[in-house]
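Colleague: here are the coordinates; sequence isn't available:
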């Protein structure tokens, strides 16, 4: 079973990746910054990538919650 824990790492090629902490295979997500972007961010691109990933995960969680709410019948009875 894959690990429920995720990690953000910088790959050897300079890209930032999100992957399961117990895997060395293909990452779940890869973010690539151009050299111009890295220069503009004054080397803080890892922090920007973390913020981007965090915002994306929050949005995905909200979307999943909204989908779950759509499947609950209005006339259900709770005991």
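Modeller: Structure received. Bear in mind the structure is a predicted one, so any value in this text is a computation, not a measurement.
Colleague: Got the confidence number for the residue positioned nearest the centre of the chain?
Modeller: Taking CA atoms, centre = their mean as the criterion, residue 53 is the residue nearest the geometric centre of the chain, at 4.0 Å. Note on residue 53: pLDDT of 95.
Colleague: so which strand or helix has it?
Modeller: helix 45-70 (DSSP states H and E).
Colleague: Please identify the buried residues of that helix?
Modeller: Along helix 45-70, these residues count as buried under the neighbour rule (16 or more other CB atoms under 10 Å): 45-46, 49, 53. For every residue, glycine as well, the C-beta is placed using N, CA and C.
Colleague: Now flag whichever of those residues is closest to residue 16.
Modeller: When the buried residues of helix 45-70 are compared for distance to residue 16 (CB to CB), residue 49 wins out at 3.9 Å.
Colleague: Tell me if I'm right that the closest one and residue 15 touch.
Modeller: No - using CB atoms under 8 Å, residue 49 is not in contact with residue 15; the gap is 9.1 Å.
Colleague: if we can go back for a sec, if I pick the residue nearest to the centre of the chain, what's in contact with it?
Modeller: 8, 18, 29, 31 (CB atoms under 8 Å, 6 or more residues apart in numbering).
Colleague: Can I get these in CSV including distance to residue 62 and neighbour count?
Modeller: As requested, the contacts of residue 53 are exported to CSV (distance: CB to CB, whole Å; neighbours: other CB atoms under 10 Å):
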residue, distance to residue 62, neighbour count
8, 20, 16
18, 18, 19
29, 18, 15
31, 21, 18
